[in-house]
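Participant: Got a sequence here, can you model it:
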Amino acid sequence: MLKGGLYIMLNPGKRSKKAFRSILALLFFISGITFQTFASEDIKEKTAEEYRSLGYEEQQKGNLNEALSYYTKAISLGMENAALLNDMGVLYEEIDFYGKAEQCYLGSIQSDQNYLPPYTNLAYLYQRLGKKGEAAKYFKMRFERGDPKDPWAQKAKDELVNIDPKYRDWAVALEADSLNKQLEAKSHEEFYQRVKQGQEHYQRGNDFFKHGNYEDALKEYEQALRLSPKNPQIIDAHKKTRLEISKKNVKEQSEQAIMRLEVGDTLSARHEIQKMLTTIPEEPILISPQYAQ
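Facilitator: Below is the predicted model:
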């Protein structure tokens, strides 16, 4: 199915070879046009970006006519993004075309409300024109959208308060709220990282435990508990591992005690039994049948 309502069933067996070749040629022609369209759009976009970069360079040098020429060429190629419109606003303001500057700044904001420079530029333009109410509006919007650590946001706040001191308390409250949200987000991120690291230690502990390496498993579980002390899964694994270590120690000590008794070393055997009594776990230990009495 081709867009535009053109529907062709390509089946040479039902058409003459000549008709089939004609249809195939038509499809290749349509595909060629589509490819050229995409290619030309890509070239236009790259060219427009080059014009915009050249315009900005000329603007920085103070060559305003050349800058405006490049910007106009970029727009003629369909480029009207927020950065370009803001740059053009600055240029028009420098040559005292305030109406065009205002239009460009507003267009920049409309194009991308998250692009912040035109808010400040428009606010200062209105301030220069004596429109304090409009200036305050855009200083306020710039401050609201900025980070408390952003120097331009702080500049916008100072200008706003200078225009109308009643905004001071509002600005301080907004800053406090923003900082609290940042701290909360940071706390959540730190908590997430602790939980993640705890799970990594827990999984390594499981691997050690599976292979009977209980001492290393216990170290990993202890690391996991430092990061997630209330995780019941880790607490249970830690307890289970300690029990296995205790069983292992008691078994070894009982075997040592019996061996010493068999050779008549009762003093050493008693010492081994005393050590064994201090490490007996809560669950019973299974003694090899050959040592059972």
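Participant: any chance you could map the strands in the stretch 51-200 of the chain?
Facilitator: Taking DSSP state E, counting those that start in this stretch as the test, none of the stretch 51-200 of the chain falls into strands.
Participant: Count the residues that sit near the residue nearest to residue 194 when sequence neighbours are not counted.
Facilitator: Computed as C-beta to C-beta, 6 or more residues apart in numbering, the closest residue to residue 194 that is not its neighbour in sequence is residue 227, at 4.6 Å. All C-beta spots, glycine's among them, are computed from the backbone N, C-alpha and C. Residue 227: 19 surrounding residues under other C-beta atoms under 10 Å.
Participant: With residue 61 instead?
Facilitator: Other residues near residue 61 come to 10 when the count uses other C-beta under 10 Å.
Participant: how far away is it from residue 119?
Facilitator: 26 Å (C-beta to C-beta, to the nearest Å).
Participant: How about the contacts made by the residue nearest to residue 194?
Facilitator: Going by C-beta atoms under 8 Å, 6 or more residues apart in numbering, residue 227 touches 194-195, 197-198, 201.
Participant: Repeat the analysis, applying 10 Å as the threshold.
Facilitator: Neighbouring residues of residue 227 by C-beta atoms under 10 Å, 6 or more residues apart in numbering: 191, 193-202, 234.
Participant: Including distance to residue 162, neighbour count and pLDDT, could those residues go into JSON lines?
Facilitator: Shown next, in JSON lines, are these (distance: C-beta to C-beta, whole Å; neighbours: other C-beta atoms under 10 Å; pLDDT from 0 to 100):
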{"residue": "191", "distance to residue 162": "41", "neighbour count": "12", "pLDDT": "67"}
{"residue": "193", "distance to residue 162": "42", "neighbour count": "11", "pLDDT": "79"}
{"residue": "194", "distance to residue 162": "45", "neighbour count": "14", "pLDDT": "77"}
{"residue": "195", "distance to residue 162": "47", "neighbour count": "14", "pLDDT": "77"}
{"residue": "196", "distance to residue 162": "47", "neighbour count": "11", "pLDDT": "82"}
{"residue": "197", "distance to residue 162": "48", "neighbour count": "15", "pLDDT": "82"}
{"residue": "198", "distance to residue 162": "51", "neighbour count": "21", "pLDDT": "78"}
{"residue": "199", "distance to residue 162": "52", "neighbour count": "16", "pLDDT": "82"}
{"residue": "200", "distance to residue 162": "53", "neighbour count": "14", "pLDDT": "84"}
{"residue": "201", "distance to residue 162": "55", "neighbour count": "20", "pLDDT": "84"}
{"residue": "202", "distance to residue 162": "57", "neighbour count": "22", "pLDDT": "79"}
{"residue": "234", "distance to residue 162": "56", "neighbour count": "23", "pLDDT": "81"}
